[in-house]
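Asks: I need the structure of the sequence given here:
(one chain, ligands or ions: 1)
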Amino acid sequence: MKHCLAALLLTAAPAPLLAQAAAPPAPIAVDPKVAALRDAALDDDYAWGITEGLTTEVGQRLAGSPAEARARAWAVAKLFAMGFSNIRIETFPVQTGTRGIERAEIIAPFPQALVVNALGGSGLTGPEGVTGEIVAFDSVDALRLAPDSVVRGKIVFVDHHMPANQDGSGYGQFGAPRRQGPTLASKKGAIAIVIRSIGTDHNRTPHTGVMTFSDGAKPIPAGALSIPDAEQLLRILKRGKPVTMRLRLEGTHKMGTSGNVIAEVPGRDLSLPPILVGGHLDSWDLGTGAIDDAAGVAIATAAAKRIMDAGRPLRTIRIVWFGSEEIGLFGGEDYRAKYGKQPHYAMLESDFGADKIYKVDSKLGDARKTEAEAIGRALAPLGIVTGKYDEADGSDIGPMLADGLPGVGLSQDGTRYFDLHHTPDDTLDKIDPVQLRQNVAAWTAVLGVLSGGIEEPKARKRR
Ligand SMILES: [Zn+2]
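Replies: Numbering: from 1, shown residues only. Take a look at the predicted model:
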């Protein structure tokens with residue numbers, strides 16, 4: 001019914017008005033080769049193969065650990081088998097450690113065990129643990145404002161409420177209890193700190209993550225309670241009686257070796273700056289690092305492989321699987337020290353899970369606006385909107401983008417990312433293969449545009 005009415009209205013429109021209206025602009029075509037590569041990537045199996053292989057055959061791979069070294073060896077073998085060139089490992093030293101017994105017990109008024117994990121860089125306890133009264137704050141700001149006398153000799157608990165959102169922007173704001181809480185608590189004389197996990201789930205899976213003691217603060221034990229356990233502690237505190245906790249965070253700290261794994265698809269013109277694509281190889285030691293960040297290295301590598309399968313790009317594509325992202329972006333720093341002064345045509349990093357990409361931003365400079373727009377057009381059929389032309393981000397590549405190197409940022413849906421991030425639950429079953437393929441298709445399209453044109457192998461041309 002409505003359709004008939006609309007048709008009637010259209011046909012009834014006065015002809016002169018239609019004649020005066022400007023003709024709609026002709027649609028600007030996407031390079032058919034790029035479109036074909038993009039569409040074929042919706043059937044990609046390379047990314048799943050890498051994600052499944054790395055999480056199964058290596059599993060947890062904490063920065064600087066023997067597991068991360070096994071992951072580098074795995075990466076070299078995989079990249080070689082896939083046919084990439086110039087494969088190498090570039091190592092650097094880092095501080096690492098091992099997790100021991102981790103336990104948080106309420107001694108009084110209601111004795112019971114809570115689920116806790118040490119944060120990365122936490123001070124350690126012996127088997128006797130530390131025992132003290134809990135002093136609770138609803139934010140890091142409240143802790144900052146508290147007089148030292150309220151905190152001294154106690155175990156600090158910092159609560160907060162991090163809502164889930166699509167772009168993951170809550171992590172910046174709500175990550176403060178983990179990043180700043182331990183130093184603040186230590187400087188005020190606390191004997192330990194436990195925080196509500198920086199996450200959005202309601203599972204008994206604490207979220208670890210890095211923190212450092214700055215400003216000369218003495219390391220103290222610092223743990224993350226799972227969200228249901230933090231809420232349990234809050235209810236116990238609300239009963240109004242003093243709450244005593246015994247916290248054991250055992251483990252070791254030691255020096256170890258980390259490294260970046262680098263491989264290339266050599267371009268036809270080796271004098272041109274490379275396109276860097278990457279993710280990070282290391283993971284936390286609780287899950288198997290599927291969403292963070294096996295999927296990321298898999299997406300970047302699968303896209304590069306699909307370009308290589310199609311022929312030889314004009315520009316070299318350099319794949320970097322960064323080491324030690326989680327404990328302080330050390331892989332990015334090592335790469336920046338070695339190559340950061342050299343020109344790069346663009347940098348892209350995937351490090352936000354494997355859910356659908358919904359937006360592309362770029363920072364290629366005014367002179368390359370046409371190229372940035374071509375990227376947007378190539379991505380539109382995948383349901384990806386174009387955002388800003390002066391913005392790109394990435395964890396390891398972030399400092400180099402800030403230095404002024406050009407980049408493209410593909411934003412993934414992060415609505416469920418912080419349910420899993422840095423928990424024992426970051427495992428392969430959380431990867432949706434269909435959304436993973438959409439990522440590969442988007443990355444392939446972007447590389448198709450940036451590569452400067454792909455020349456098919458001569459043998460194939462003749463056929
Ligand atoms: Zn990550």
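Asks: please make it C-alpha for all contacts and neighbour counts, starting now.
Replies: Noted.
Asks: can you get me a residue count around the residue in the stretch 151-300 of the chain that the ion sits nearest to?
Replies: Nearest to the ion, among the residues of the stretch 151-300 of the chain, is Asp292, at 4.5 Å (C-alpha to the ion). By other C-alpha atoms under 10 Å, 28 other residues sit near Asp292.
Asks: tell me the secondary structure at it.
Replies: helix (DSSP: H, G, I helix; E, B strand; the rest coil).
Asks: next up, the contacts around it.
Replies: Listed by C-alpha atoms under 8 Å, 6 or more residues apart in numbering, the contact set of Asp292 reads His280, Ser283, Asp351, Phe352, Gly353, His421, His422, Asp426.
Asks: mind checking the SS state of the residue sitting nearest the centre point of the chain?
Replies: By C-alpha atoms, centre = their mean, the chain has its centre lying nearest to Asp351, at 2.7 Å. Using three-state DSSP, the secondary structure recorded for Asp351 is coil.
Asks: quick check: Pro163 touching Gln173?
Replies: No. Taking C-alpha atoms under 8 Å as the definition, Pro163 is not a contact partner of Gln173, at 10.7 Å.
Asks: between those two, who's got more neighbours?
Replies: Ranked by neighbour count (other C-alpha under 10 Å), Pro163 and Gln173 place Pro163 first, with 15 against 9.
Asks: nearest residue to the more buried one in space, please, no chain neighbours.
Replies: Spatial nearest neighbour of Pro163, excluding adjacent residues (C-alpha to C-alpha, 6 or more residues apart in numbering): Thr200 at 6.1 Å.
Asks: how many neighbours does the one you found have?
Replies: Thr200: 21 surrounding residues under other C-alpha under 10 Å.
Asks: and if you look at Pro457?
Replies: Neighbour count for Pro457, taken as other C-alpha under 10 Å: 12.
Asks: any idea how far the nearest residue in space to it that is not next to it in sequence is from Gly267?
Replies: In space, and not counting its chain neighbours, Pro457 is closest to Gly311: 5.6 Å by C-alpha to C-alpha, 6+ apart. Distance of Gly311 to Gly267, computed by C-alpha to C-alpha, to the nearest Å: 10 Å.
Asks: residues of the chain that sit close to the ion?
Replies: Residues of the chain lying near the ion by C-alpha under 5 Å from the ion: Asp292, Asp351.
Asks: pLDDT below threshold where in the chain?
Replies: Along the chain, segments meeting pLDDT under 70 span 1-28, 459-463.
Asks: okay, the longest strand belonging to it in CSV with CA atoms only?
Replies: Criterion DSSP state E: the longest strand present in the chain is strand 85-108. Provided in CSV are the C-alpha atoms of strand 85-108 (Å, rounded to 0.1, in the frame of the first residue of the first chain):
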residue,chain,number,x,y,z
SER,A,85,60.1,-13.5,2.5
ASN,A,86,62.8,-11.9,4.7
ILE,A,87,61.6,-13.7,7.8
ARG,A,88,63.5,-12.8,10.9
ILE,A,89,63.4,-12.5,14.7
GLU,A,90,64.7,-9.4,16.4
THR,A,91,65.1,-10.0,20.2
PHE,A,92,65.3,-7.6,23.1
PRO,A,93,65.4,-8.2,26.9
VAL,A,94,62.4,-7.7,29.2
GLN,A,95,61.4,-8.2,32.8
THR,A,96,59.1,-11.2,33.0
GLY,A,97,57.9,-13.6,35.7
THR,A,98,55.8,-16.5,36.7
ARG,A,99,52.5,-16.7,38.5
GLY,A,100,52.3,-18.7,41.8
ILE,A,101,49.6,-19.4,44.3
GLU,A,102,47.0,-16.5,44.2
ARG,A,103,44.4,-16.3,47.0
ALA,A,104,42.3,-13.7,48.6
GLU,A,105,40.5,-14.8,51.8
ILE,A,106,38.2,-12.9,54.0
ILE,A,107,39.2,-13.7,57.5
ALA,A,108,36.5,-11.6,59.2
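Asks: next secondary structure element downstream of it?
Replies: Where DSSP states H and E defines the elements, the next helix or strand beyond strand 85-108 is strand 112-114.
Asks: can you list the residues that contact that next one?
Replies: Strand 112-114 has contacts (C-alpha under 8 Å, 6+ apart) with Arg103, Ala104, Glu105, Ile106, Leu225, Asp229.
Asks: show residues contacting the helix or strand where the last one lies.
Replies: Per DSSP H and E: Asp229 is located in helix 227-238. Where contact means C-alpha under 8 Å, 6+ apart, the residues beyond helix 227-238 that reach it are 110, 114-115, 159, 195-197, 199, 201-206, 243.
Asks: ok, 6 Å please
Replies: Leu114, Arg196, Ser197, His202 (C-alpha atoms under 6 Å, 6 or more residues apart in numbering).
Asks: which ones are touching the second one?
Replies: When you say that, I think you mean Arg196. Asp159, Ala224, Leu225, Ile227, Ala230.
Asks: of those residues, just the buried ones, ChimeraX syntax please.
Replies: Buried subset of these, written as a ChimeraX selection, criterion 16 or more other C-alpha atoms under 10 Å:
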select :159,224,225,227,230
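Asks: Throw the contacts of Arg196 into TSV and include distance to Glu133, thanks.
Replies: What follows is those, written out as TSV (distance: C-alpha to C-alpha, whole Å):
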residue	distance to Glu133
Asp159	16
Ala224	17
Leu225	16
Ile227	20
Ala230	15
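Asks: quick revisit: I'd assumed the residue nearest to Pro163 was in a strand, is it?
Replies: No. Assignment of Thr200 by three-state DSSP gives coil, placing it outside any strand.
Asks: check contacts around it.
Replies: Counting by C-alpha under 6 Å, 6+ apart, Thr200 has contacts Ala164, Phe418, Asp419.
Asks: likewise Val135?
Replies: Taking C-alpha under 6 Å, 6+ apart, we find Val135 in contact with Val156.
Asks: so it, which state does it fall into?
Replies: Quick answer, by three-state DSSP: Val135 is strand.
Asks: quickly note the distance from the residue nearest to Pro457 to the ion.
Replies: Going from Gly311 to the ion by C-alpha to the ion, to the nearest Å gives 31 Å.
Asks: tally of neighbours for Phe157?
Replies: 28.
Asks: wait, I meant Arg368
Replies: 12.
Asks: now it. Its backbone dihedrals?
Replies: When read as degrees, to the nearest 10, the backbone of Arg368 gives phi -110, psi 30.
Asks: roughly how far does it sit from Leu42?
Replies: 28 Å.
Asks: please apply the same query to Ala108.
Replies: 56 Å.
Asks: between the two, who's got more neighbours?
Replies: Taking other C-alpha under 10 Å, Ala108 and Leu42 do not tie; Leu42 has more neighbours (19 against 15).
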